[in-house]
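> how would this look folded up:
(chains A and B)
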Amino acid sequence: EAGVAQSPRYKIIEKRQSVAFWCNPISGHATLYWYQQILGQGPKLLIQFQNNGVVDDSQLPKDRFSAERLKGVDSTLKIQPAKLEDSAVYLCASSPPPNRASEAFFGQGTRLTVV
Amino acid sequence: AQSVAQPEDQVNVAEGNPLTVKCTYSVSGNPYLFWYVQYPNRGLQFLLKYITGDNLVKGSYGFEAEFNKSQTSFHLKKPSALVSDSALYFCAVKYGRSGGSYIPTFGRGTSLIVHP
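Prediction:
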């Protein structure tokens, strides 16, 4: 079974530039998560999708971050404009139904460095 | 507020000795509890979970965890540590919100170092 695919693996941008991350979840997984993991901290949930609907985006900085999952499969996370404090690893994960009791399967992440 | 605490930033143990990585939680209702492991330059991997039933759950790589409702804890354990167990361990909890959705929250992680 193929795992969660993320790209790119690494990205370096200057502050105020924009960047986009892509995620393809495991086939059949209705729930998709984007997390931000800053060095030395646990993953922080940015947004949770159930199919193509948003379940929770309460911690997403909506003035600069956006995410979509148009067809209920793959997803993109965008940052525009980036700030220095956005430097982190961005993790995508997916879960099979039923969501409440299911563990998440994580991709390898995208390491973003903002300079 | 819903939260997960991992009180130890680092746990050191000698190979062959038992290990414990602590986790406590503060959520309303009945949460679902998980442990994940993160090896260097790798994504998080699921170890085990508690949903309901037996308080002692067994997972991958010989790990187990004990759910204690009265102490709101879910400590990760292994009877005999291996050097290859050295990694970052994360406790996570899913709690229900109005509307029926379940939102995951992670602890800050504990670095486990197993010495030869």
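> need the residues of chain A near chain B, please.
Contact residues (CB under 8 Å from any CB of the partner chain) of chain A with chain B: A:4, A:33, A:35, A:40-45, A:48, A:50, A:55-56, A:91, A:93, A:99-101, A:103-109. Backbone N, C-alpha and C define where each C-beta goes, glycine included.
> Sketch out the low-pLDDT regions of the chain for me.
No chain in the question, so chain A it is. Chain A contains residues with pLDDT under 70 at A:1.
> nope, chain B please
Residues of chain B meeting the criterion pLDDT under 70: B:1.
> ok, 80 please
In the predicted model, chain B carries pLDDT under 80 at residues B:1-2, B:28-29, B:41, B:97-101.
> Ramachandran angles for A:Asn99?
phi -60, psi -40 (degrees, to the nearest 10).
> Contact partners for it?
By CB atoms under 8 Å, 6 or more residues apart in numbering or on different chains, A:Asn99 lies in contact with A:30-31, A:50, B:101-102.
> which residues in chain B form strands?
Using DSSP state E, the strands found in chain B span residues B:3-5, B:10-14, B:19-21, B:24-26, B:32-38, B:44-50, B:56-58, B:64-68, B:73-78, B:87-96, B:102-106, B:110-115.
> how about these in TSV, adding distance to chain A and mean neighbour count?
Listed next are those as TSV, based on distance: least, CB to the nearest CB, whole Å; neighbours: other CB atoms under 10 Å in any protein chain shown:
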stretch	distance to chain A	mean neighbour count
strand B:3-5	8	17
strand B:10-14	11	14
strand B:19-21	13	20
strand B:24-26	13	17
strand B:32-38	6	24
strand B:44-50	4	20
strand B:56-58	12	13
strand B:64-68	13	18
strand B:73-78	14	20
strand B:87-96	6	23
strand B:102-106	4	21
strand B:110-115	10	17
